[in-house]
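Trainee: For reference, the sequence and a predicted model appear below.
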Amino acid sequence: MVHEYGHLICSKLLGFGGYIRSVRLSSVNYEVRPLDNQWTLFYLSGGLFQFLVFSLMSLFVQDRNVKIANRMTAIIGLVEGLSEPFQYWRLSGLGATLGILFAFLYLACELIRYKK
């Protein structure tokens with residue numbers, strides 16, 4: 001939902017009005033079709049907002065496991081946000097898959113670092 005709220009905030013800021021239907025909480029619907037450049041900002045905003053929120057949360061939490069989980073979620077948001085403007089990656093789910101892969105690589109690095 002944090003990802004979708006990033007899209008929602010962007011749609012409000014850019015003036016094409018968006019809303020999230022309570023039946024399907026998985027996407028933002030827009031009232032007015034975004035213009036060419038607005039699409040890119042709209043797609044970037046979801047993942048980058050997720051990255052920002054979870055990165056900030058990881059800074060203020062004391063528990064190491066929660067910190068790692070927050071950072072993993074931030075990594076997924078960053079990778080998906082950067083890939084979402086590209087239609088093929090968005091429709092194929094490749095951006096989300098790569099985000100999850102990078103998050104698990106981060107987890108593996110943390111586990112190796114913890115063992116030392």
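Mentor: Good, I have the coordinates.
Trainee: contact partners of the helix or strand bottoming out on mean pLDDT in the chain?
Mentor: Least confident helix or strand of the chain, by mean pLDDT, DSSP states H and E, is helix 87-92 with a mean of 78. For helix 87-92, contacts defined as Cβ atoms under 8 Å, 6 or more residues apart in numbering pick out Y43, S83, E84, L94, G95. Using the backbone N, CA and C atoms, a C-beta is placed for each residue, glycine as well.
Trainee: now stretch 69-79
Mentor: Taking Cβ under 8 Å, 6+ apart as the rule, stretch 69-79 contacts 2-3, 46-55, 57-58, 61, 95-96, 98-100, 102-104, 106-107.
Trainee: hmm, back to that, list the first helix or strand encountered after the least confident helix or strand of the chain toward the C-terminus.
Mentor: helix 94-115 (DSSP states H and E).
Trainee: other SSEs contacting that following helix?
Mentor: helix 64-83 (3 or more Cβ pairs under 8 Å, 6 or more residues apart in numbering; DSSP states H and E).
Trainee: returning to that earlier point: got the buried residues for the least confident helix or strand of the chain?
Mentor: By neighbour count on 16 or more other Cβ atoms under 10 Å, the buried set for helix 87-92 is W89.
Trainee: Send over stretch 47-60 as CSV, restricted to the C-alpha atoms.
Mentor: Taking C-alpha atoms only, stretch 47-60 is exported to CSV below (Å, rounded to 0.1, in the frame of the first residue of the first chain):
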residue,chain,number,x,y,z
GLY,A,47,8.7,2.7,-5.7
LEU,A,48,10.7,5.8,-4.7
PHE,A,49,8.1,6.7,-2.0
GLN,A,50,8.3,3.1,-0.7
PHE,A,51,12.1,3.4,-0.7
LEU,A,52,12.0,6.7,1.2
VAL,A,53,9.5,5.5,3.8
PHE,A,54,11.2,2.2,4.6
SER,A,55,14.7,3.7,4.5
LEU,A,56,13.6,6.3,7.1
MET,A,57,11.9,3.6,9.2
SER,A,58,15.2,1.6,9.2
LEU,A,59,17.1,4.6,10.6
PHE,A,60,14.9,5.0,13.6
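Trainee: Before I go, just wanted to say thanks for your time.
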